[in-house]
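**Student:** Return atomic coordinates for the entry below.
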Amino acid sequence: MTKGIAVAIGLNGVDPVHYQGWSGPLHACEADAIDMQAIGRASGFQANTLLTARATRKAVTADILAAAKSLVAGDIFMISYSGHGGQLPDLNGDESDGLDETWCLFDGQMTDDELYALWAQFSPGVRILQFSDSCHSGTVNKVMLYAAWSHQRGLPSTPKAMPMDVASRVYLNNREFYDPILKSADIANAKKRVGASVLLISGCQDNQLSQDGPFNGAFTGALKSVWNGGKFVGGYARFKTAIANKLPPDQSPELSQVGHVDLAFAAQKPFTIG
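**Tutor:** Residues are numbered from 1 along each chain as shown. Coordinates of the predicted model:
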């Protein structure tokens, strides 16, 4: 029988010890994770959450590797992340912009290269569905545009991005930890070794901001509305477009695939296990 495993990650803050005094407070990321867990369970997934202090690098890695060990061709793994996005300098030369995007987990950042290395642990034929409601980068002008749009609608305007000065301090004071990861040639080439089919819907483009909110992040809230308790009809491209239509002009979700390009997977109704 086809199996589905889901892990929903949500951080309303991070450990100020690692992040150089910054606790990264957010409002709705734990709620995002709980809601993604509920969607997963309603769709038949074995779904778990990792919330704030439990969402450590070790815990996230362990849950992903456990799923990789359990799932076989035809199965599906869903992972969602809601929290701050960050950036680190690209030291292995695989990023055109010179920066690695990260998830700000509770006790340290996890790079996109590390995620590729984890996806490479899954058997060929496994489907991996990834949602990332976080910022990857953004300029002061983008923050101001977003704040103006949100103010007009009476919404809070907290972007899910680690401030640039914090990002610099965190890296410079933790170089002994991050540099071996960032320089790893093995991790840099992991993307080429992914045999599973990975489909990612991100909350925004790499140069945009994802917005926090009082009850859900903007992206997750739009996703819930479009999903509408399972009434949505269509594949992942249509799903992404419908979500984008509910978001502000400066937050454009992106749909991308890594590893084996599985057109049948992309055409499935979202959260389909069988």
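
**Student:** what's the neighbour count on Arg175?
**Tutor:** 12 (other C-beta atoms under 10 Å). Placement of C-beta: from N, CA and C, glycine included.

**Student:** which residue ranges form the strands in the stretch 101-250 of the chain?
**Tutor:** 108-111, 127-133, 197-202 (DSSP state E, counting those that start in this stretch).

**Student:** In terms of pLDDT, where does Trp149 sit?
**Tutor:** Note on Trp149: pLDDT of 38.

**Student:** Could you list the single helix or strand in the protein with the lowest mean pLDDT?
**Tutor:** In the chain, the helix or strand scored least confidently by mean pLDDT, DSSP states H and E is helix 140-152, which has a mean of 37.

**Student:** what's the distance between Pro253 and Phe265?
**Tutor:** 18 Å (C-beta to C-beta, to the nearest Å).

**Student:** So which of these two has more stuff around it?
**Tutor:** More crowded of Pro253 and Phe265, by other C-beta under 10 Å: Pro253, with 25 against 19.

**Student:** What's the end-to-end length of stretch 240-256?
**Tutor:** One end of stretch 240-256 sits 10 Å from the other (C-alpha to C-alpha, to the nearest Å).

**Student:** where's that stretch relative to the chain centroid, distance-wise?
**Tutor:** Here stretch 240-256 shows a centroid-to-chain-centroid distance of 15 Å under the convention C-alpha atoms, centre = their mean, to the nearest Å.

**Student:** in it, what counts as buried?
**Tutor:** Lys240, Ala242, Ile243, Ala244, Leu247, Pro248, Asp250, Gln251, Ser252, Pro253, Glu254, Leu255 (16 or more other C-beta atoms under 10 Å).

**Student:** Columns distance to Ser168 on top of those residues, output as CSV?
**Tutor:** Formatted as CSV, those follow (distance: C-beta to C-beta, whole Å):
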residue, distance to Ser168
Lys240, 33
Ala242, 38
Ile243, 33
Ala244, 32
Leu247, 29
Pro248, 28
Asp250, 24
Gln251, 25
Ser252, 27
Pro253, 28
Glu254, 26
Leu255, 31
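
**Student:** So which one of those residues is the model least confident about?
**Tutor:** Among the buried residues of stretch 240-256, pLDDT bottoms out at Asp250, giving 75.
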